[in-house]
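Participant: Build me a model:
(one chain, ligands or ions: 1)
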Amino acid sequence: MNIAILASGNGTNFEAIAKAVKKGRVKANIKLVLTDKEKAFVRKRAARLKIRDIFVDPRKFDSRLEFDKELVKFLKKEKIDLIVLAGFMRILSSEFVKAFKNKILNIHPALLPAFKGDTAIQMAYNHGSKVTGVTVHFVDEKVDNGPIVLQESINIQKGLTLPELEEKIHRVEHKLYPLAIKLYAEKKLKIRGRHVEII
Ligand code: GAR
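Facilitator: Here you go, the predicted model:
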């Protein structure tokens, strides 16, 4: 199974997945990591782990759709079976999602459908939530909406600081995402409407 990881930033999830693959815990081939940010730290991690990294500059395209079309063409040519969004801070067009129907996973740092968007950890913290967590889900045409694969909750106990919460969230992410990919690679995920059965 060929995986493409799409990331825009730090790349800790990319690294956690790459390590799980290297250790043989996830049977898959990370064919490449693709980023839309030239200076994204994920590129340094990719170099260190000897995984091919591709930078596609969105400014070279007239529209979001043109950019997405190019990505689809490239990912199809590379025979990618699963696309893993790991902090990829772009909304995918419905053309992209349709081209890889049920073959795109995303991780979100909250218990969806709560706290959608790009600042979920802060939003849950500032809201005074007692519980937040991590969600891995399939991507559909709406943002942070597709069928949920795995979720894990995290308590926000009194006195916990925002950086401490962020660290807790990332620790859970680094465990949950490789697990979801492992289940996908082993064909153990069956999507039935909004529900994902783990068989
Ligand atoms: C992760 O916490 C991920 O859940 C979040 O971006 C971070 C990327 O970290 N994604 C979103 O907020 C998507 N809405 P990383 O670059 O270290 O993997």
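Participant: going forward, measure contacts and count neighbours with C-alpha atoms only.
Facilitator: OK.
Participant: Residue 46 contacts residue 52, correct?
Facilitator: Yes - counting by CA atoms under 8 Å, residue 46 touches residue 52, with 6.7 Å between them.
Participant: Between these two, tell me which one has more neighbours.
Facilitator: residue 46 (20 against 13; other CA atoms under 10 Å).
Participant: Confirm that the more buried one sits in a helix.
Facilitator: Yes - the assignment for residue 46 is a helix, going by DSSP: H, G, I helix; E, B strand; the rest coil.
Participant: can you pull the contacts of it?
Facilitator: With CA atoms under 8 Å, 6 or more residues apart in numbering as the criterion, the residues that contact residue 46 are 15, 33, 52-53.
Participant: Give me the residues contacting the helix ranked longest in the chain.
Facilitator: The residue-count maximum for a helix in the chain (DSSP state H) belongs to helix 162-185. Contacting residues not belonging to helix 162-185 are listed as 1, 12-13, 16-17, 20, 25-28, 107, 109, 121-122, 125, 133-134, 136, 149-152, 154, 156, 189, 198 [CA under 8 Å, 6+ apart].
Participant: Please repeat the previous calculation with a cut-off of 6 Å.
Facilitator: 13, 16-17, 26 (CA atoms under 6 Å, 6 or more residues apart in numbering).
Participant: gap between the helix or strand just after it and the chain center?
Facilitator: Per DSSP states H and E, helix 162-185 leads on to strand 189-192 as the next helix or strand towards the C-terminus. Centroid displacement of strand 189-192 relative to its chain, using CA atoms, centre = their mean, to the nearest Å, is 18 Å.
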